[in-house]
Structures are given as structure tokens and as C-alpha cells.
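> This is a predicted model, with the sequence first.
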Amino acid sequence: MRLLVVEDDRDLNRQLVTALEQAGYAVDKAFDGEEGFFLGETEPYDAVVLDLGLPGRDGISVLSEWRKIGRKMPVLILTARDRWSDKVRGFDSGADDYVAKPFHMEEILARLRALVRRSAGLASSELACGPVRLDTKAGRVLVEGNPIKLTSHEFRLLSYLMHHTGRVISRTELVEHLYDQDFDRDSNTIEVFVGRLRKKLGVDVIQTIRGLGYLVVEPGSNPSGS
Amino acid sequence: MIRWPKLWAPHRGSIAFRLFVSSTFWSLVILLGAGIALSALYRHTAEADFDNRLDVYMHALIADVATADDPATVMPTHLGEPLFEISLSGWYWQITRLDGADKAIRTSRSLFTSHLPRLADEGLPSGEGGARQGYVIGPDARVLRQVERVIDVGAEGNYLVQVAATTGDMEANIDKFQLALAATFLALALALIGTSALQVHYGLEPLRRLQEGVGDIRRGGREHIEGTFPADIAPLAAELNLLIDANRAIVERARTQVGNLAHALKTPLSIIANESDADPAQFSAKVREQAHLMRDQVSFYLDRARMAARAGAFGRSTDVLPVLESLLRTFGKIYPERSVHLANPSGLAPKFAGEQQDLEEMFGNLIDNACKWAAGTVVITLSESRDAAARNLIRVDIDDDGPGLPEALRTAALARGRRLDETKPGSGLGLSIVVELAELYHGTLSLATSPQKGLRASLSLPGIE
């Protein structure tokens, strides 16, 4: 899961990025509206945290411009203006959720989890595929009820795949959603990660579709039939 | 035109009253003066006319005397007026010799044995050709108009020729004229008073429109004074509009500043809170606690500051339906698992007499509260009513199907400033701000049990018809 944080206050931006990375997301950051708009326009984010009071170009105009050019990623608005009129304006320009400053980091995390899940069309915070269960809230993975220790990259990979079960996901898509923009992107490393993940899970939920990418299905089911 | 009664009973001390009284007073003074002058003129003309008639007899008498062989004894014969022959008829003549020893007096028969007094004796000055005119009391105690003249017939002596006649007919004519004059002027005065009342009404009508325009703004029907005004008060209307705009700009600026202050304070508070959350030390716990306290206080006082900025604003109207509709869209996103409906059985399209932001704040808090507690459904019902003063009221019922609120706790939930006492953020119902906003607009908020056995929040706000 790759996120974008657009917040002009350096300290708050750093806190958000740190907390989100700790929660297992790949995070890009922007400090003003122009930069934020450009990143959101060109990179495929799974969710955006957008401050409304930005220098240069304000959040509302960035958001409505994204929506106008067809960018549909979930956007969580962050603002000190907590009146309902501000909220209504935010939602009407295309926001999916709203957190008023000052906030608790847990609240941001919970709302983002819900947004990502909702945009993938999932109802529960716990994703399941056969014996594998991924708790997005706790950031835990269980196989047959036993906790599995994963690195943050591995967790992120599994989480993205499990948010999109039943769909073939290309390596390029994985690279785009798992790494922030500063990461050295080499699609070969994906194969390495998938290999490690398979070994750790011990069950065959990740199938390789030759020439297309990966598919997460319950073990034993026919990939072409799902 | 509904204001007619006001026209006929203008308030003492009002401009209408002053204009009306002064124009009536001066109309009456001028009419009275004109009446007196006209009456005097008429009397003068009537007297001159009468004198002319007497003069004719006078000339006839003089001609008789002057052409007679013996001016001292001749009796005039050429007057041809029978009234001079009838005793005390009121028409008399008299010729008196002024020189010589006998001072013989000849009179018309009508004088019988009496004589006419002399005007010269009463000190009346003589006019052209030694003639005098004036009033005397006749032998029968009636007022007579008399003309007299002294003629000099040379060797035959000097004679005073007098002709007098009763003024009864003339006075009757003058009286008739004065009566007609008085009647005409009375009608004229009434017409003038009526006209001045109409003029005051018509002339002050733009002022009344101006007053209604300002009233409309205060009641929230309009944003500006509209319509064209006469050149004298058009600048006043324009200045008032500018004043209203300036007031609005001040309120807008205050609100922006408050918003900026909120932004400026809340971001650092977020940072402090997050930083202390991440650190387990004792000191951090204290910082965290105080940061939360500051956050609550900032929110509390910012709400009040916003409200204070609003108290001076007037002249706004807001369509209720679009506000509710965009709030429903918003709540659809915030609570995707709840269903929020708007019921508008009478198909109303009410206008709220106030700011859109405030309406959104009140509805937003109430619907948010309902969504938080609802099991699944929130129903918003729109209706209209009238209060005791027959003002139009918009009523919005927000019903949820949640656990409801025991009656004993409802009053506490509505208590002012309640949020400040709450130790846990979000644990209050957030209703105090709604109550305060509603009161600011002379509206009310009440709590009851909803048809679904949950809580019903009923908000009544002033509407514009």
C-alpha cells in the first residue's frame, strides 16, 4: 500500500510519514499544493492524506482538480477548520473522509485503513484467504491461527495482494504500490520478496501467472475459474 | 396603501406631522388674509358704485340749482326718483345756503321735517372738487351713505348740496358676497389641508420605503436596500448599503481571522500531542494531558468567537434544502453503513433567516450525533409552523433508531458550555453549540423520543416567507 502525505508543516509531515511507515505503508510526501498535485496526478496511490491549508495551492483546489482529471484514489482531508461548512465543502470537492486537527495518530491510521479497504470493496478489517488471515488493524498475519513474523516490505506486499484477491496483479503495479518514489525500483526484487513470502506463509496462496503477474486465491481452487 | 391610517394619524414629532401642521397653518393664515383683503376690496368697490349713483343725483341737483333763475328758492324737479318723495324712505337730498342771512335749507320730501348732518362738521376731509363721502346716521336712526359738495353760484350765493341714501341694499350685497367668499374659502382650506396631507404622504413615501428596506435587511429578507429613490435620499440609501457591506466585510474578516487562528494553533497542538503520544516518559504524559486540554479550550473559545463575530451580521437568507442535501451527501461518505433520509412531505422549500455556515453547523452536529448513535437509519423531517407572534418557523426533526436518551439526561445534554466540562473528547453530544447558535437566531432545540424509539432532536428556526 502506497500513500501520499501532503502537509506543509514539516514537523507534522514527518510525524505522519513516520507513523504511516511504521504501520506498514510506503509513503511519499509533499510540502505544498503544486508538488502534491503533481505526485497525485502521476503516481498510483492507494490513499492520500491531504492538508487543506497549503501554501501556493490550497487542498480543495488540488482535490477537485484530481477528481476532474479522473484520479479516484481515496483522499483523507486533514484540516484545522472543523466547521461543518468546511467539511461539506471538502466532501463536495471529492474527499472520502475528514479528520480535524488536532488529531490522534491512531485516528488517522484507522480512517486510512477503512478508506483503503472500502476502495477495494472489502467490508471487514480482517482479510482472509484460505488459512491466511491478515489483520489490517493490528498489522498481524496468521496462518492456521499462528502468527507469522514478516518484514514491513513483506507485509505490505501481502496486504496489497490480499486487498485485491481474485485479480491478477502485474509486477509493475506491485512496484508502483509497494515502494515510495525514492526507492530504487527493480522489478526483480519483487520476485525475491514473493519467494520469501511464500516460504514464510508455508501455504500456496500466491500463484504466478506467467507473463502477467501474481494472483492470490485459496489453495486448491482453479485460478482460471475464479 | 395599507399604511393609510398612519397618514391620518401621523405621530407627534414626526416629519409628517411637522410638514402637515406647518402647511396647514400657513394655508389658513394666507387664506384668512386673502379673505379679509377681498372683502375689503369688495366693500370699497360697492361703496364707489353707490357713491357714483348718489353723484348722479348730486349732479342733477347742482344742475337744477345752478341753472335756476333764483338758485336760493328753486325746488329741483329733475331727479325722477320717487323714493325722494316718500317720507323717511331712506333716500334724501338737502340743499343749504351757506352765505346770506337766512341760511335757508331745502330738503326732499322724504326728509319730512328733519335735516341731514354735515360731513364737514365731522372733520371728514374733502376730496376732488370739494366733494365729501361718508356715513351718517339718518333721521330714522338708519345708517346712510352720504355725499356732499359745496357749489358757488356767484352772486346768487354758496350752497351745500347733499344726497344720502340708506346702505341696506349695499350692506346686504356685501354680506351676501362675504358669505359666498367664506364658503368658497372654507372649501379651499379643506382642499388645501387634504392636498398637504396627500403631499406629505406622497413626499415621504420614499422614506417609508427606505425604512421598510432596512427592516427587510434586519429580518434577513434581503442583502441590500433595493429600488430607486429620489435624488435627495438616494445617497442615503447608497450609504446605508455601503454601511451594510462594510459591516458584512468586518464580520467576514473577523471570521477569517478566527479561522486562521484556529489553523495556526491546531497544527502545533497536533505536533505536540503526537510527539508526546510517541514518548512514554512522565513528562510527556503531562504535556499530552495539557495539550488535550488546550485543544478543547481552543475549540470551545473559537466556537464562541465565531458566534460573537456573527452577532453583528444581518441580512442573510439561506435555502434550507440545498444545505440538507449536501449534508446528506457528506454523511453518506462519513457513515457509509448508515442510511440517512430526508422526508419533505409537504414539498417545502423554506428559507432560513441567517448564515449558511451556521445552518450547516447546527444540522451537521445534530445529524452527526444521530448517525453516531443510530442502529442503521436516520430520518430528517422538514415542516413549517408559526410561533406565538405568527412568525414563520422552519422545523427540522432528526430521528434516529438508536438507544435514545433518558428524559432526565436530556436537559443536561442541552446545557450551555457542557463540552468544556467533558474530560473525554467526543463523549459529549456536541449539542451546546447547536443550542447557542439556535438561540442566537431566536430558534429552539428540543429533545424527545423518536418514532423508532431512539432520540428525536427538533430544531425550530426563523424562516423567511
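Cool, the structure landed.

> and the stretch 201-350 of chain B, which residues reach chain A?
Within the stretch 201-350 of chain B, the residues that sit near chain A (Cβ under 8 Å from any Cβ of the partner chain) are B:259, B:262-267, B:269-271, B:273-275, B:277-278, B:291, B:295, B:299, B:306, B:326-327, B:329-330, B:333-334, B:336. (Each C-beta comes from the backbone N, C-alpha and C, glycine too.)

> Narrow these to those in helices?
B:259, B:262-267, B:269-271, B:273-275, B:277, B:291, B:295, B:299, B:306, B:326-327, B:329-330, B:333-334 (DSSP state H).

> Give me the buried entries from those.
B:259, B:262-263, B:265-267, B:269-271, B:273-275, B:277, B:291, B:295, B:299, B:306, B:326-327, B:330, B:333-334 (16 or more other Cβ atoms under 10 Å in any protein chain shown).

> Distance check, the residue in the stretch 101-250 of chain B positioned nearest to chain A against residue B:279.
Chain A sits closest to residue B:248 of the stretch 101-250 of chain B, with a gap of 16.6 Å, by Cβ to the nearest Cβ. Between residue B:248 and residue B:279 the computed distance is 47 Å (Cβ to Cβ, to the nearest Å).

> for stretch B:433-445, which positions count as buried?
Within stretch B:433-445, the residues that qualify as buried are B:433-438, B:441, B:443-445, counting by 16+ other Cβ under 10 Å.

> Format those as a markdown table; extra columns: secondary structure and distance to chain A.
Converted to a markdown table, the buried residues of stretch B:433-445 look like this (DSSP: H, G, I helix; E, B strand; the rest coil; distance: Cβ to the nearest Cβ, whole Å):
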| residue | secondary structure | distance to chain A |
| --- | --- | --- |
| B:433 | helix | 10 |
| B:434 | helix | 11 |
| B:435 | helix | 16 |
| B:436 | helix | 14 |
| B:437 | helix | 11 |
| B:438 | helix | 14 |
| B:441 | coil | 16 |
| B:443 | coil | 17 |
| B:444 | strand | 20 |
| B:445 | strand | 15 |
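
> which parts of chain A sit against chain B?
Going by Cβ under 8 Å from any Cβ, the residues of chain A near chain B are A:9, A:11-12, A:15, A:19, A:53, A:79-85, A:87-88, A:91-92, A:95-98, A:100-105, A:118.

> among the residues you listed, which are in helices?
Those of those mapping onto helices are A:11-12, A:15, A:19, A:84-85, A:87-88, A:91-92, A:105, A:118, per DSSP H.

> Please, a ChimeraX command that selects the buried ones among these?
Per 16+ other Cβ under 10 Å, the buried members of these correspond to this ChimeraX selection:
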select /A:12,15,19,84,85,87,88,91,105
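
> Switch the ones in helices among the residues of chain A next to chain B over to a markdown table; also include distance to residue A:61 and pLDDT.
Converted to a markdown table, those look like this (distance: Cβ to Cβ, whole Å; pLDDT from 0 to 100):
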| residue | distance to residue A:61 | pLDDT |
| --- | --- | --- |
| A:11 | 25 | 90 |
| A:12 | 21 | 90 |
| A:15 | 25 | 91 |
| A:19 | 27 | 91 |
| A:84 | 20 | 86 |
| A:85 | 17 | 86 |
| A:87 | 17 | 87 |
| A:88 | 16 | 89 |
| A:91 | 15 | 90 |
| A:92 | 13 | 88 |
| A:105 | 27 | 88 |
| A:118 | 25 | 85 |
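
> which one of the ones in helices among the residues of chain A next to chain B is nearest chain B?
When those are compared against chain B (criterion: Cβ to the nearest Cβ), the nearest one is residue A:84, at 2.8 Å.

> The closest one and residue B:54, how far apart?
Using Cβ to Cβ, residue A:84 is found at 104 Å from residue B:54.

> Could you find the closest non-adjacent residue to residue A:29?
residue A:5 (4.9 Å; Cβ to Cβ, 6 or more residues apart in numbering or on different chains).

> now swap in residue A:71 and tell me
residue A:40 (6.0 Å).
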